[in-house]
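Peer 1: model this:
(chains A and B)
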Amino acid sequence: MLFVDTILDMLSRFALSVHFYNCAAKEATYMADPLPYPGAPRWVKVFGIAVIVVATLVVILIHIGGGHHMQSAGGHGDHAAPEGGH
Amino acid sequence: MIMAPSLRKFALTIHVTCSLGLLGAVVSFLALAVAGLTSQDDQMVRAAYQAMELIARFVIVALAFASLLTGLIQSVGTLWGLFRHYWVVVKFLLTVFATIILLAKMELIGQAARLSAETTLPRADLSAAGIQLLVHAAGGLLVLLVPAVLSIYKPSGMTRYGWRKQYEQPMLSQ
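Peer 2: Numbers count the residues shown, from 1 in each chain, chains lettered A, B, ... in the order given. The predicted structure follows:
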């Protein structure tokens, strides 16, 4: 009888430990931090650099060209109306 | 709110139609800009600039807004989202940029059309406007080709917001 009690006691302890292990594992699953953000992919960085380069070139060209000038519609005067935008 | 598959396909059809229609309209605008700039025939030059104004006002602007709106619906109504994937964000920003530049250039397009309607064709002014319109049409075409390529290839890469949302949703569903 004592032997049976000992066996049962050992089994219950084992079951408890397994139960607590599972709980802890489940909790770890819930509480685990998500993977760290890997950052922007390479194509985004290349695209961003290309956009910056093109924008800089456009700004430089506009400044070198001094902007576009076009006579206003029906303009018979001698002044040239600066064109809006770029 | 995620759209049902049938509604999603319908919205996608409209979006693709508007976007490709916009590309086609810009190509036709570019062809007219070349014709207006290079033709020696006054009638041809006048017709080109008049047609350019009509196409820009009634086709390109309408399709640009339609493409933007249907794209927004498409992104919000699907799991792609608007700010979750870099390719969607880039596509959205490029379309907004192209639409803003288009609206800013509408005055110049109208001005060129008015100049071309004058009794004596002001060649110098028209060619100045024509060069600008040609450059903007070519630039616009290049800018609009990028979203088309992105839509087909859908390059990987999530934004920080998309990355966070990706982990939030499974947690909420458990």
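Peer 1: does chain B sit close to the helix or strand containing A:Val53?
Peer 2: Assigned by DSSP states H and E, A:Val53 falls within helix A:42-65. Yes. Judged by CB under 8 Å from any CB of the partner chain, helix A:42-65 comes into contact with chain B through A:43-44, A:47. Bear in mind the C-beta positions are built from the backbone N, C-alpha and C, glycine included.
Peer 1: Setting aside sequence neighbours, what's the nearest residue to the residue positioned nearest the centre of chain B?
Peer 2: Residue closest to the mean C-alpha point of chain B, counted by CA atoms, centre = their mean, is B:Ala64 at 4.7 Å. Spatial nearest neighbour of B:Ala64, chain neighbours left out: B:Thr99 (4.6 Å); criterion: CB to CB, 6 or more residues apart in numbering or on different chains.
Peer 1: Tell me who's in contact with that neighbour.
Peer 2: If a contact means CB atoms under 8 Å, 6 or more residues apart in numbering or on different chains, then B:Thr99 has B:64-65, B:68 as its contacts.
Peer 1: Mind listing what's buried along stretch B:72-82?
Peer 2: B:73-75, B:77, B:81-82 (16 or more other CB atoms under 10 Å in any protein chain shown).
Peer 1: likewise stretch B:9-21?
Peer 2: Those would be B:11-12, B:14-15, B:18-19, B:21, for stretch B:9-21 by 16+ other CB under 10 Å.
Peer 1: next one: stretch B:154-163
Peer 2: Of all the residues in stretch B:154-163, those buried under the rule 16+ other CB under 10 Å are B:157-159, B:162-163.
Peer 1: Pull the residues that contact that stretch.
Peer 2: Outside stretch B:154-163, the residues within contact range by CB under 8 Å, 6+ apart are A:34, A:37-38, A:40-41, A:43-44, B:81, B:83-87, B:89, B:166.
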